[in-house]
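Undergrad: fold the following.
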Amino acid sequence: MNTITFLRTNNEQQDFEALISALDEDLRDRYHELQDMYDEHNVIEAVNTVVIAYIGAEPAGCACFREFNDHTIEIKRMFVRPELRGKGVAFGLMQELENWARELNYSYAILETGKRQPEAISLYHKSGFTVMDNYGPYIGMDSSICMRKRL
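TA: Have a look, this model is predicted:
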């Protein structure tokens, strides 16, 4: 197997845009019309903290973060192409995001995921995240799970 490499970039990178399109399709397949409520929270504009994972030259997955407050980042748009799952891509992406956030002096990471994404929930637990009360736009959304981790 080829080595997984990571590129730190921004949301205008072409591979990120293609992976996000695949993520949106995946979420639509899982949540159907319920996804309409989440789409507005998934818009990524002017984000300079995007990570893309590659296996060889092939874009395998992506994720990004944005500042939530002075001490906390919010992880967004985490995705690994289905045919490349189980190869350590998602765990590597998470580590790269956390390292980058620490370099920028953040102390915490938060995220939201959906109950129909068991593989994501498992990854986040294995990465040390714990469930917290739903925050911000996810308050009262029964299909959401919000999580937090000290970096």
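
Undergrad: roughly how far is the longest helix along the chain from the heart of the chain?
TA: For the chain, the helix that runs over the most residues, judged by DSSP state H, is helix 14-31. Distance, stretch centre to chain centre, for helix 14-31: 12 Å (C-alpha atoms, centre = their mean, to the nearest Å).

Undergrad: each with direction, which strands does the strand or helix carrying E74 pair with?
TA: Assigned by DSSP states H and E, E74 belongs to strand 72-80. Using DSSP bridges, strand 72-80 pairs in its sheet with strand 58-69 (antiparallel), strand 108-114 (parallel).

Undergrad: export stretch 91-103 as CSV, just CAs?
TA: Extracted in CSV, the C-alpha atoms of stretch 91-103 (Å, rounded to 0.1, in the frame of the first residue of the first chain):
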residue,chain,number,x,y,z
PHE,A,91,-7.4,8.7,11.9
GLY,A,92,-4.5,10.3,10.1
LEU,A,93,-6.7,13.3,9.0
MET,A,94,-7.8,13.7,12.6
GLN,A,95,-4.2,13.7,13.9
GLU,A,96,-3.2,16.2,11.3
LEU,A,97,-6.1,18.6,12.2
GLU,A,98,-5.3,18.3,15.9
ASN,A,99,-1.6,19.0,15.4
TRP,A,100,-2.4,22.0,13.2
ALA,A,101,-4.9,23.3,15.8
ARG,A,102,-2.3,22.9,18.6
GLU,A,103,0.3,24.8,16.5
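
Undergrad: follow-up on the earlier one: closest one to R77 among the strands paired with strand 72-80?
TA: Minimum separation from R77 across the strands paired with strand 72-80 (C-beta to C-beta) falls at strand 58-69, 5.3 Å. In short, each C-beta sits where N, CA and C put it, glycine included.
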